[in-house]
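Visitor: missing the sequence, but the structure's below:
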Ligand SMILES: [Zn+2]
């Protein structure tokens, strides 16, 4: 997914404020805001409109997590059990759209899976070690 | 309590079981709270960690988030998706932290005070109904209807395997990219992108009528 626009859209400014973009994009926008007064004014105006009750379709989409996979789907994705098209979409949702909430949930799911595997592996390793120990060549 | 069993007990975005858990927490049930913490601390930490320098900072912000959630319980609407709500609190606490640590010097102290004001502080859609500005019923209802309509469309596309359409609309609506950038990113024709946008806006208008947010999208086409 090579193509990225050169501009920063209003939706991206709002998503920045909601912490709802990939970390690299947040950093890029943060930098741009430091450098451009015009951009800061645009953000301030968007915030003001929101305070007056305005909301965009994108903001509603993000707030209600309209396209985020549910947890069962994410778990299936995590262990490679989804059809290719759907798995592609989830990758896209996280990497290109930049859903940091799904990214966090995925990281959490992966960590839990690792912890479970670790918990299963520890007694197994101990058992295998102990049951094979007497065949170890004796020290000198 | 199943600290490491992340399956089955509280299905994500299942409103009823979450509502039950929240109800037990409201009544001061410590086991329910322990279950809640075990369920959510990991993803909150994963959300915050990449934005702050140390794990300790991240843990502090998770703690503030959980406390913020407990303090906001009286105004929490159990029909609201719990994870979205919790992430919204986390984003707010994180933003506060970044501001205090000089990462957002341009961002005026507008909506912030550091005294743990609970959740009325949110801006943006999907907050608690108690938000002063948003208490105008019409707005909240429009927003709910729009969210329901979007969810209906997206569910249908997913069921029908229309993944390219979903990707296209998501870049247009959620990222606010222009047609030609969406086309370039997805390897589609610009006209195809324009058609999908047009169709989707028409479907939304059919479902929710002339909601300002949808009209604004139409304007930008
Ligand atoms: Zn998501």
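Guide: Right, received. Where do you want to start? Only a predicted model underlies this, so the values are computations on that prediction, with no experimental measurement involved.
Visitor: do the lengthiest helix in chain A and the ion meet?
Guide: In chain A, with assignment by DSSP state H, the single longest helix is helix A:100-132. Yes: applying C-beta under 5 Å from the ion, one finds that helix A:100-132 is in contact with the ion at residue A:102. The way it works is simple: take the backbone N, C-alpha and C, and place the C-beta from them, glycine included.
Visitor: same thing with stretch A:55-73?
Guide: Yes: on the criterion C-beta under 5 Å from the ion, stretch A:55-73 is in touch with the ion at residue A:68.
Visitor: How far does that stretch sit from its chain's centre?
Guide: 14 Å (C-alpha atoms, centre = their mean, to the nearest Å).
Visitor: Figure out the length between the terminal residues of it.
Guide: One end of stretch A:55-73 sits 29 Å from the other (C-alpha to C-alpha, to the nearest Å).
Visitor: Name the residues of that stretch that are buried.
Guide: A:55-69, A:71, A:73 (16 or more other C-beta atoms under 10 Å in any protein chain shown).
Visitor: per-residue pLDDT, residue B:210?
Guide: Listed pLDDT for residue B:210 reads 89.
Visitor: any idea how far it lies from residue B:169?
Guide: Distance check for residue B:210 against residue B:169: by C-beta to C-beta, to the nearest Å, it reads 19 Å.
Visitor: Compare neighbour counts for these two and give me the winner.
Guide: Each of residue B:210 and residue B:169 has its neighbours counted (other C-beta atoms under 10 Å in any protein chain shown); residue B:169 has more, 26 against 8.
Visitor: where do the helices sit along chain A?
Guide: Under DSSP H, chain A gives helices at A:10-17, A:23-35, A:37-51, A:57-63, A:71-78, A:84-95, A:100-132.
Visitor: Pick the most buried one from those helices.
Guide: helix A:57-63 (a mean of 26; mean count of other C-beta atoms under 10 Å in any protein chain shown).
Visitor: Which residue ranges make up the domains of chain B?
Guide: Taking automatic domain parsing as the criterion, chain B consists of the domains B:13-135, B:141-220.
Visitor: likewise chain A?
Guide: A:10-63, A:71-135.
Visitor: Please tabulate those domains in JSON lines, including the columns distance to residue B:53 and mean pLDDT.
Guide: JSON lines is the format used below for those (distance: least, C-beta to C-beta, whole Å; pLDDT from 0 to 100):
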{"stretch": "domain A:10-63", "distance to residue B:53": "13", "mean pLDDT": "94"}
{"stretch": "domain A:71-135", "distance to residue B:53": "18", "mean pLDDT": "94"}
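Visitor: Residue nearest the middle of chain B, spatially speaking?
Guide: Nearest to the mean C-alpha position of chain B, counting by C-alpha atoms, centre = their mean, stands residue B:84 at 4.3 Å.
Visitor: so what's residue 93 up against?
Guide: You didn't say which chain, so I picked chain A. A:67, A:68, A:69, A:99, A:102, B:170 (C-beta atoms under 8 Å, 6 or more residues apart in numbering or on different chains).
Visitor: wait, I meant chain B there
Guide: B:61, B:64, B:65, B:68.
Visitor: how does it look with 6 Å?
Guide: By C-beta atoms under 6 Å, 6 or more residues apart in numbering or on different chains, the contact set of residue B:93 is B:61, B:64, B:65.
Visitor: And the first one, how far from residue B:54?
Guide: Separation of residue B:61 from residue B:54 (C-beta to C-beta) stands at 11 Å.
Visitor: Counting neighbours, go ahead and name the busier of those two.
Guide: Legend: neighbour count by other C-beta under 10 Å for residue B:61 and residue B:54, higher for residue B:61 (24 against 9).
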